[in-house]
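> any chance you could fold what I've pasted below:
(2 chains)
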Amino acid sequence: MSQQDWPLWEVFIRSKQGLDHKHAGSLHAADAAMAIENARDVYTRRMEGISIWVVESKNIHASSPEDAANFYEPANNKVYRHPTFYHLPDEVKNM
Amino acid sequence: MNPSSTNFKTKGSDKETEALYNYTLHLADNALIMGHRLSEWTGHGPALEQDIAITNIALDLIGQSRNFYQYAAIINGNGCTEDSLVYLRDVAEFKNILLVELPNGDWAKTILKLFFFSTWQYFLYKKLKSSFDQQLSAIAEKSLKEVTYHIRWSSEWVIRLGDGTEESHSRIMNALDELWPYTDELFIASDYEKQTADNGIGVYTNSIKNEWGEKVRGVFRESTLLFPETRLLQTGGKDGKHTEYLTSVLNEMQFLQRTYPGCEW
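Numbering: from 1, shown residues only, chains lettered A, B, ... in the order given. Purely as a prediction, here's the structure:
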């Protein structure tokens, strides 16, 4: 199938105004215009979004799983980085 | 909008009502048969994404046809329903243009057929929006957003195939040869189109011929396709004279209701 010649694209959908675009999935397309249309047809058919970003997957650089130990574990015991030592007044509901 | 909730009041003569009924069926049949043809691609699209895209469009069109059929059933008033209009009418009672009943052929032919059809629907619905008939006007307005996307999607494919590889170009050229003779019927008015247009309800279909031609010419230029100037007329669909292809479509579509009348699931 010709699809195998098409590059892979990552799709980001913003579900409503004021929210961030969130990664929705990936798909194949020949170019950016086709990727946006495909994303519209594949990922927004149930009213999931009002805005679409597409990025060719090859342009995304990822951290490596081998780095996990020195990347993330040092954050483990730094409890003082969390804003948990403040007294919240009762009037503040949504924190 | 729920067309079935509207009370139809017979205005004017019976002849006018009959023309409105036939015109509404014509609009419904076009959308249904085109939608049915596109639905035949479900599970067979050239790529997963295109499979979903064309199935979405098929569903849009079948949804449009339901709105028209529900309204037609109200106009008719003799107890027929959207289901009986679709599943129990004979081939000679269908009023769709011949273009939509033609077999899908390859991807290029399906795409070009959809592009011709959507462009026609677009300009038709744009005018139908100002119809004196509120129901038709409301359905047209609602459907127009869908059709706008159908044109965009299909025209980009026409350009991609026309201006693509040697093979894609030759395939869309073949599609053009096969489909072109069926495009003139779009603009030749049947009696019910004339009558409803005279009453400010329908659209004079020849009045959108130039806009249709301009749009098609523009896309053809980008696709490196030549706009044919000659036309070999293939007409009759609007008056129930169909190709044998519609008979096969209906055989498949109506089989269950014909074999097990009233069957539900």
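
> burial of the closest residue to chain A within the stretch 51-200 of chain B, as a residue count?
Across the stretch 51-200 of chain B, no residue is closer to chain A than B:Ala53, which sits at 4.1 Å (C-beta to the nearest C-beta). Yep, even glycine has a C-beta here, placed from its N, CA and C like the rest. For B:Ala53, the count of nearby residues is 25 (other C-beta atoms under 10 Å in any protein chain shown).

> how about the residues of chain A by chain B?
Within chain A, the positions near chain B by C-beta under 8 Å from any C-beta of the partner chain are A:1-3, A:6, A:27-30, A:33-34, A:37-38, A:40-42, A:45.

> among those, name the ones in helices.
Among the residues of chain A next to chain B, the residues falling in helices (DSSP state H) are A:Ala33, A:Met34, A:Glu37, A:Asn38, A:Arg40, A:Asp41, A:Val42.

> give me the low-pLDDT residue ranges for chain A?
Where chain A drops to pLDDT under 70, the residues are A:1-4, A:95.

> what angle separates the helix or strand containing B:His150 from helix A:32-43?
B:His150 is located in helix B:134-162, with elements delineated by DSSP states H and E. If you take axes from the mean of the first three to the mean of the last three C-alpha atoms, to 10 degrees, helix B:134-162 sits at 130 degrees to helix A:32-43.

> send the alpha carbons of the helix or strand following helix B:134-162 over as CSV?
Later in the chain than helix B:134-162, the nearest helix or strand by DSSP H and E is helix B:166-179. Extracted in CSV, the C-alpha atoms of helix B:166-179 (Å, rounded to 0.1, in the frame of the first residue of the first chain):
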residue,chain,number,x,y,z
GLU,B,166,2.2,9.3,-14.4
GLU,B,167,-0.1,6.5,-13.2
SER,B,168,-2.3,8.7,-11.0
HIS,B,169,-2.6,11.3,-13.8
SER,B,170,-3.6,8.6,-16.3
ARG,B,171,-6.1,7.2,-13.9
ILE,B,172,-7.8,10.5,-13.3
MET,B,173,-7.8,11.2,-17.0
ASN,B,174,-9.7,7.9,-17.5
ALA,B,175,-12.1,8.9,-14.7
LEU,B,176,-12.8,12.2,-16.5
ASP,B,177,-13.5,10.5,-19.8
GLU,B,178,-16.0,8.2,-18.1
LEU,B,179,-17.7,10.8,-15.9
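
> and helix B:166-179, which residues are buried?
B:Ser168, B:His169, B:Arg171, B:Ile172, B:Met173, B:Ala175, B:Leu176, B:Glu178, B:Leu179 (16 or more other C-beta atoms under 10 Å in any protein chain shown).

> following element in sequence after that helix, please.
Remark: after helix B:166-179, the chain's next helix or strand is helix B:191-198, criterion DSSP H and E.

> export that next one as PDB, just CAs?
Taking Å, rounded to 0.1, in the frame of the first residue of the first chain, the C-alpha atoms of helix B:191-198 are listed here in PDB:
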ATOM      1  CA  ASP B 191     -40.400  19.600 -14.600                       C
ATOM      2  CA  TYR B 192     -40.400  19.600 -10.800                       C
ATOM      3  CA  GLU B 193     -37.200  21.600 -10.600                       C
ATOM      4  CA  LYS B 194     -38.700  24.200 -13.000                       C
ATOM      5  CA  GLN B 195     -42.000  24.400 -11.100                       C
ATOM      6  CA  THR B 196     -40.500  24.600  -7.600                       C
ATOM      7  CA  ALA B 197     -38.000  27.200  -8.900                       C
ATOM      8  CA  ASP B 198     -40.900  29.200 -10.400                       C
END
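
> which helices and strands sit right next to the helix holding B:His150?
For helix B:134-162, the packing partners by 3 or more C-beta pairs under 8 Å, 6 or more residues apart in numbering or on different chains; DSSP states H and E come out as helix A:32-43, helix B:48-76, helix B:107-128, helix B:166-179, helix B:209-223.

> the same query, at a cut-off of 7 Å, please.
When contacts are defined as 3 or more C-beta pairs under 7 Å, 6 or more residues apart in numbering or on different chains; DSSP states H and E, helix B:134-162 sits against helix B:48-76, helix B:107-128, helix B:166-179, helix B:209-223.
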